[in-house]
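Undergrad: Quick one, structure for this:
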Amino acid sequence: MKPKRETVERRVATRYALNVTVMVHEMPSSPSAAIGGVSRNISDTGICLSTAKPLGHSSVVRCDIAVSDAPVTVPTMAQVRWVEKRQAAEYRNGLVFIL
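TA: Residues are numbered from 1 along each chain as shown. Okay, here's the model as predicted:
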């Protein structure tokens, strides 16, 4: 029997659960190319998003993060660090904030 491998936490910042809508625009972008997603968690350094299609690994994206039920979003730039297929129509995307 193999010994269990210990999981090493590689994150620099603590993650906090967050479930809000995020619109992602891959750069260079066009208004019709927006990808809708839902955040899973967020930290000072990045955000994890669930989307129906994968984002391009290492691509730079503009994110418009919803603020609760308010009719405003917070824009920021991020880079896609990892992409993981979860289910048939769900991808998890790890983004690191650039701004």
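Undergrad: where in the protein is pLDDT low?
TA: In the predicted model of the chain, residues 1-11, 29-32 satisfy pLDDT under 70.
Undergrad: Could you point out the longest strand of it?
TA: Longest strand in the chain, counting residues (DSSP state E): strand 73-87.
Undergrad: tell me which residues in that strand are buried?
TA: Along strand 73-87, the positions that meet the burial threshold by neighbour count (16 or more other C-beta atoms under 10 Å) are 76, 78-80, 83. In short, each C-beta sits where N, CA and C put it, glycine included.
Undergrad: Can I get these in TSV including distance to Gly46?
TA: Written out in TSV, the entries for those read as follows (distance: C-beta to C-beta, whole Å):
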residue	distance to Gly46
Thr76	10
Ala78	7
Gln79	9
Val80	10
Val83	13
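Undergrad: Arg15: which of the residues you listed is nearest?
TA: Nearest to Arg15 among the buried residues of strand 73-87 is Ala78, at 14.9 Å by C-beta to C-beta.
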